[in-house]
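A.B. asks: A predicted structure for the sequence below; I have some questions about it.
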Amino acid sequence: MFKSLKIYSGLSVDLEALVANLVEFGYKRQDQISVEGDFARRGSIIDIFPISFELPIRIDLNNELIDSIKTFNPATGLPLWEHRIVIILPIKKLGSLKSTPITEELPLSSFLDLNVGDFVVHNQHGIGKFLGMGKIKVKDKPQDHLIIEYDRQEKLYVPLESMHLVQKYIAFHAKRPKLYRLGSKEWLRVKDRTRKGIQKLAWDLLGLQAMRLSSKGFVYAKDTPWQKEFESGFPYVETPDQKQASIEVKEDMHTGKLMDRLLCGDVGYGKTEVALRASFKVIECGKQVAYLVPTTILAEQHFQNFSARLKNFPVNIRLLCRFKTHFEQKKAVQGLGTGAVDIVIGTHRLFSDDVVFKDLGLVIIDEEQRFGVKHKEKLKKLRLSANVLTLTATPIPRTLYMSLMGARDLSVINTPPENRLPINTVVVEYDDDLVRQAIVREVDRRGQVFFLHNRVEDIEKVKSKLSRILPSNIRIAIGHGQMHPKELEVVMDEFLKGNIDCLVSTMIIESGIDIPNANTIIVNNAQTFGLSDLHQLRGRVGRFNRKAYAYFFIPRNLVLEKDAKKRLNAIQEYSALGAGFNIAMEDLEIRGAGNLLGIQQHGFISAVGFDLYCRLLREAISNFKKAGVFHEANN
């Protein structure tokens, strides 16, 4: 049995004993915490930066009772989100983790954020409903227990030391899960069936990894003076995570093994710069780069960014998408075949049979989940012949990240860029005066506005209405995917140049559009969007060191559906920087997990819940590696 500290709201604690426990666990007392393994005490407040946590937590006591547990920003001291139950693991234990057998009992998540009425999964007893905390006499002494209700109103009382066996039930669907009977063998059968399905996934992941590792790749040169000169031209201060991600990508390229790395980071956190640095290394060695993006507008945007960053170097970059004429496309394709083109940035047009590279070294894929099944099959083949770097802003849950370590190469950028400010998020009923005020304020400070209306049918009416309520000096234009490519290109180009103040558009702006001067976004009919979409849309603004605003409007007097209400509450609650990694697991993070794992795994996640699924996946990967199944292929 591993040691852990279980802390929860309402727990009666002896402060001196808690401090002694932390010291025994290998934590160091400091005046102020800064890194994992630190803790600090100020009166009735204890700050701890637990091992494997992304951010520190603050425990506030009131007369020896824990009043609150909150994750906080160490730079500002401001609270970010509150937790009900936290599991803190010893540093020493993690240090000797290699000798610890990895089983489904070892927790992945350190937070147990439960509300009364939530569905939960107990590893040994299955899915039940959380009824709250209660005291039960054990050896004549009242002790705290979690109370879980199962089928036929049977109740399970879980003592504090077994809390790590319980996690909130999260799956891909919102429907009520089936509750199990205590003592029945059905849960064990379901878990066993799921374990076998997960073992197949683990086998496939490790098998693909072994095939890649046994393929002979190209050994790229270490950083040259030219590479250093290029990197010094980055106009911003690198974040620690950005630096680390870049190091990991380069290490892959220096080994001579084929790279297949997933780079995950919130919107605007600097993934493109990591891709640029890898691209420069490839070009210096005389090879070519293909940058694959899901939309034409995004292709145009990346083309502009790459061209600007590489303007002082002899690099030939081409754009291949529907914005280009047939003649321009033909010239770009010819250049790829002869080696005259170094970098091509394009949409699924890059999958066409006429596109042949002279010497392809690196494929960068932006938001792979947005490509179809046919394209994904082509990408699978590419992974066995070229270095692949996949970028995604859809967060991968930490629990999944930890369970996949050893089977998939992952880099995560969690730290926001320097001087980035949180986005002021407002969810409110539609109001003409507020719309006018928001747009005029942004334009008065020489900024620009996105007004998102996701219906092409009446987008002209929306533009006309805005023209009526706004001052005549505000320049308004429309952009949507059904426009002629050239017309849309002109509109986007004018917006980029600052010649349009307010762009009324559909969801074409969702992915990757980066316009630092646009710092207000207004989303009409926000109740119709998924949480992931709302988060991505909010990420279109606040890309610079200026205060940004996101307004999510809902129609007046509309009675919101329960799920829509939940999504809008979440987008308002999680407006802190990096919120994408914590924003409502039910929607966004699960979507990230689904994209990474594939649809065939959804049923297994629904059967046992996301947390137990991740524990079983980690166990399967660990067991296969320990048994040395793929050892030969790796050597």
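C.D. replies: Arrived safely, thanks for sending.

A.B. asks: make it CA atoms for all contacts and neighbour counts henceforth
C.D. replies: Fine.

A.B. asks: what about dumping the CA coordinates of the host helix or strand of residue 379 to CSV?
C.D. replies: If you go by DSSP states H and E, residue 379 is part of helix 373-382. Extracted C-alpha coordinates of helix 373-382, given in CSV (Å, rounded to 0.1, in the frame of the first residue of the first chain):
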residue,chain,number,x,y,z
VAL,A,373,-10.6,8.9,-42.1
LYS,A,374,-9.1,8.7,-45.6
HIS,A,375,-6.5,11.4,-44.9
LYS,A,376,-5.7,9.9,-41.5
GLU,A,377,-4.8,6.6,-43.2
LYS,A,378,-2.3,8.5,-45.4
LEU,A,379,-0.9,10.1,-42.3
LYS,A,380,-0.4,6.7,-40.7
LYS,A,381,1.8,5.6,-43.7
LEU,A,382,3.7,8.9,-43.5
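
A.B. asks: For the helix or strand following it, which outside residues touch it?
C.D. replies: With elements assigned by DSSP H and E, the helix or strand that comes after helix 373-382 is strand 387-392. Contact partners of strand 387-392, identified using Cα atoms under 8 Å, 6 or more residues apart in numbering, comprise 253, 258-265, 271, 275, 361-368, 382.

A.B. asks: what's the answer for stretch 499-513, then?
C.D. replies: For stretch 499-513, the external contacting residues (Cα under 8 Å, 6+ apart) are 267, 295, 297-298, 301, 439, 443, 447-456, 459, 463, 474-481, 494-495, 533, 536-537, 540.

A.B. asks: can we see that at 7 Å?
C.D. replies: Outside stretch 499-513, the residues within contact range by Cα atoms under 7 Å, 6 or more residues apart in numbering are 298, 301, 443, 448-455, 463, 474-481, 494, 536-537, 540.

A.B. asks: same check, this time on stretch 354-368
C.D. replies: Contacts with stretch 354-368, where a contact means Cα under 7 Å, 6+ apart, come from 282, 287-294, 333, 336-339, 386-392.

A.B. asks: Averaged pLDDT, the helix holding residue 379. What do you get?
C.D. replies: In this model, helix 373-382 has a mean pLDDT of 72.

A.B. asks: Also stretch 505-518?
C.D. replies: Here the average pLDDT along stretch 505-518 is 76.

A.B. asks: what does stretch 540-553 give?
C.D. replies: Taken as a whole, stretch 540-553 has a mean pLDDT of 85.

A.B. asks: Can you give me the end-to-end span of that stretch?
C.D. replies: 17 Å (Cα to Cα, to the nearest Å).

A.B. asks: Contacts for it next, please.
C.D. replies: By Cα under 7 Å, 6+ apart, the surrounding residues in contact with stretch 540-553 are 268, 419-421, 423-430, 513-514, 516, 518-526, 538.

A.B. asks: List the buried residues in that stretch.
C.D. replies: 540-544, 546, 548-553 (16 or more other Cα atoms under 10 Å).

A.B. asks: Out of the residues you listed, which is nearest to residue 130?
C.D. replies: The closest of the buried residues of stretch 540-553 to residue 130 turns out to be residue 552 (Cα to Cα; 32.7 Å).

A.B. asks: what are the phi and psi angles of that closest one?
C.D. replies: Residue 552 adopts backbone torsions of phi -110, psi 110, taken as degrees, to the nearest 10.

A.B. asks: what is it paired to in the beta sheet?
C.D. replies: Assessed by DSSP bridges, residue 552 has beta-bridge partners residue 427, residue 523.

A.B. asks: ditto for residue 476
C.D. replies: For residue 476, the beta-bridge partners are residue 502 (DSSP bridges).

A.B. asks: Can you get me a residue count around it?
C.D. replies: Per other Cα atoms under 10 Å, the neighbour tally for residue 476 reads 20.

A.B. asks: ok so, going back, out of the contacts of stretch 540-553, name the ones that lie in helices.
C.D. replies: Here DSSP state H is the test, and those give residue 538 as lying in helices.

A.B. asks: For ChimeraX, what selects the buried ones among the contacts of stretch 540-553?
C.D. replies: Buried subset of the contacts of stretch 540-553, written as a ChimeraX selection, criterion 16+ other Cα under 10 Å:
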select :268,420,421,423,424,425,426,427,429,430,513,514,516,518,519,520,521,522,523,524,525,526,538
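
A.B. asks: quick one: buried residues of stretch 11-18?
C.D. replies: 11, 15.

A.B. asks: what does that stretch contact?
C.D. replies: Identification of contacts with stretch 11-18 by Cα under 7 Å, 6+ apart yields 64-66.

A.B. asks: thinking again about what came up before, just flag the most distant two among the buried residues of stretch 540-553.
C.D. replies: Among these, 544 and 553 lie farthest apart (Cα to Cα), at 23.9 Å.

A.B. asks: Please identify which helix or strand holds the closest residue to residue 274 other than its chain neighbours.
C.D. replies: Leaving aside its sequence neighbours, residue 274 sits nearest to residue 246 (Cα to Cα, 6 or more residues apart in numbering; 5.3 Å). In the assignment (DSSP H and E), residue 246 maps to helix 240-255.

A.B. asks: and stretch 184-196, average pLDDT?
C.D. replies: 93.

A.B. asks: show me the biggest helix of this structure in terms of residues.
C.D. replies: The chain, longest helix under DSSP H: helix 186-214.

A.B. asks: was I right about residue 317 contacting residue 340?
C.D. replies: No - judged on Cα atoms under 7 Å, residue 317 makes no contact with residue 340 at a distance of 9.5 Å.
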